[in-house]
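Enquirer: I need the structure of the sequence given here:
(one chain, ligands or ions: 1)
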Amino acid sequence: MAIPRFTTPPFTIKSVETDAVTQAAAAVMPRPTLVPDTPATAAGSAILGTYKRAPVEFVGGEGVYLHGSDGRRYLDFVSGIAVNALGYGDATIRAAMHAAADELVHVSNLYTTAPGERLASWLTGHSFADKVFFCNSGAEANEGAFKFARRWARGIGSGTKHEIISLRGAFHGRLFATLAATDRPAYRHPFRPLAPGVSVSERDLGELSAMLDADTVAALIVEPVQGEGGVRVLDPGFLRELRALTWERQIALVFDEIQCGLGRTGTLFAYEQSGVVPDMLTLAKPLAGGLPMGAVLMTNEIAETIQPGDHGTTFGGGPFVASVALAVCERLADPALLEAVTANGAWMGEEIAAIGARTGRIRQARGIGMMWGLDVMQPAAPVIARALEAGLLVTSAGEYTVRLLPPLVATREELREGMGVLEGVLG
Ligand SMILES: Cc1ncc(COP(=O)(O)O)c(C=O)c1O
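Expert: Predicted structure coming up:
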């Protein structure tokens, strides 16, 4: 049945009534809701317009290239926003998916399955952690970490430790608590009130020292390399100070390695770069080779405070996704791959500096391994659009920053090709 629409630009007034009875009632007492017209509605897509999609449709991919429905090949320096670490059509992922499809796909967390156990053992065996909680996305992993931190901290002192602190420039997700920890006013303001008890601090030791109150704060969440916030590599000395403060005040230090973890910086975990070991660590993006999966890694001290029923998620760590994730993790931990990321990342840094010197179009560049942010002289959007036109996918990290996140398997030649295109479109 058609839903009546009455258009009064710039808003579409959309009735919420859906059946004959309620529509009759609506005729007497209409209950309109205001929704802004979006480019997606204008383009006729039935998908909600939460993303401003680029004018290209992808139909396939191989290695570091995506194939457009326009018949063109695009060099991908976005990797599905740091998800496709092994590129497209990777033989390991394909084999793992085919094998997993012949086994159980899902039974719920009411029962044990071997792939989830194997993956958890692998992750604890390769990190500081003793226990793992599996979920389905980055935001869900961070929300889980917040709950685990509060559960643990409630048992300390007088039971008032529940505050979560994040840092200026942080991005931790779009759910209510993670949005409260995300430092993007435009993302936050339309959805206030956000979850209480979550605040953003300057990346300043003086302010942090004042905010990290031993009696009230449960956790400090930090991206060792801030991704969405402009690719900011946090100084190892600063991270060490944060570790000392949180240690002394019994505050859980949570590293959000959703974007910078699993090989992207050149070590399996980004925390290895600084030697600062957190109490919890969140993962998602590349973890399951493009399948949705998140994880919270934690110490025994925190894990021991969590009881059955404290948290849960229906799909988390199911056998299909866990089998694929183990195959991906084994590849991402390969020393040869990590060495290549380190060497290629250093080369990217030098090349970006050389391009900046030649063109005068880069104000500043920051990065490590295969994640780089270039502050350009104009808004990033036209640079990204010109790159797409020239066959290179790049994305942004803030209004004036172009972000490069090539697949970790990109060769020097492929990187050189992309950097050449980028130089030509900087404006
Ligand atoms: C550092 C970081 N944390 C959390 C998230 C949220 O992850 P998801 O989009 O899977 O919820 C992102 C996503 O970009 C991220 O980069």
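Enquirer: quickly note the distance from the residue of the chain found nearest the ligand to residue 392.
Expert: Residue nearest to the ligand within the chain: residue 138 (2.2 Å; CB to the nearest ligand atom). C-beta coordinates here come from the backbone N, C-alpha and C atoms, glycine included. For residue 138, the distance to residue 392 equals 25 Å [CB to CB, to the nearest Å].
Enquirer: quick one, which of these two is more surrounded?
Expert: Using other CB atoms under 10 Å as the criterion, residue 138 and residue 392 rank with residue 138 on top: 29 against 23.
Enquirer: what sits against that one?
Expert: Residue 138 makes contact with 172, 173, 256, 258, 259, 282, 284, 285, 294, according to CB atoms under 8 Å, 6 or more residues apart in numbering.
Enquirer: now with 7 Å?
Expert: 173, 258, 282, 284, 285, 294 (CB atoms under 7 Å, 6 or more residues apart in numbering).
Enquirer: out of those residues, who's the most crowded?
Expert: residue 282 (32 neighbours).
Enquirer: my read: it touches residue 252, true?
Expert: No - with contacts counted by CB atoms under 7 Å, residue 282 stays clear of residue 252, the gap being 12.0 Å.
Enquirer: anything in contact with each of the two?
Expert: Joint contacts of residue 282 and residue 252 (CB under 7 Å, 6+ apart) do not exist.
Enquirer: the contacts of residue 138: which ones sit near the ligand?
Expert: By CB under 6 Å from any ligand atom, the members of the contacts of residue 138 lying near the ligand are 173, 258, 284.
Enquirer: next to the ligand, which bits of the stretch 151-300 of the chain? Give me the list.
Expert: Contact residues, the stretch 151-300 of the chain versus the ligand (CB under 6 Å from any ligand atom): 171, 172, 173, 223, 227, 228, 256, 258, 259, 284.
Enquirer: quick check: the closest residue to the fifth one other than its chain neighbours vs residue 116, distance?
Expert: Distance criterion CB to CB, 6 or more residues apart in numbering; nearest residue to residue 227, sequence neighbours excluded, is residue 259 at 3.6 Å. Taking CB to CB as the criterion, residue 259 is separated from residue 116 by 24 Å.
Enquirer: compare these two (neighbour count), which wins?
Expert: Ranked by neighbour count (other CB under 10 Å), residue 259 and residue 116 place residue 259 first, with 28 against 22.
Enquirer: ok, now which ones touch the more buried one?
Expert: Listed by CB under 7 Å, 6+ apart, the contact partners of residue 259 are 82, 227, 285.
Enquirer: doesn't it fall inside a strand?
Expert: No - Residue 259: not assigned to a strand; according to DSSP: H, G, I helix; E, B strand; the rest coil it is coil.
Enquirer: show me the strands in the stretch 201-350 of the chain, by range?
Expert: 217-222, 225-226, 232-233, 252-256, 280-283, 294-298 (DSSP state E, counting those that start in this stretch).
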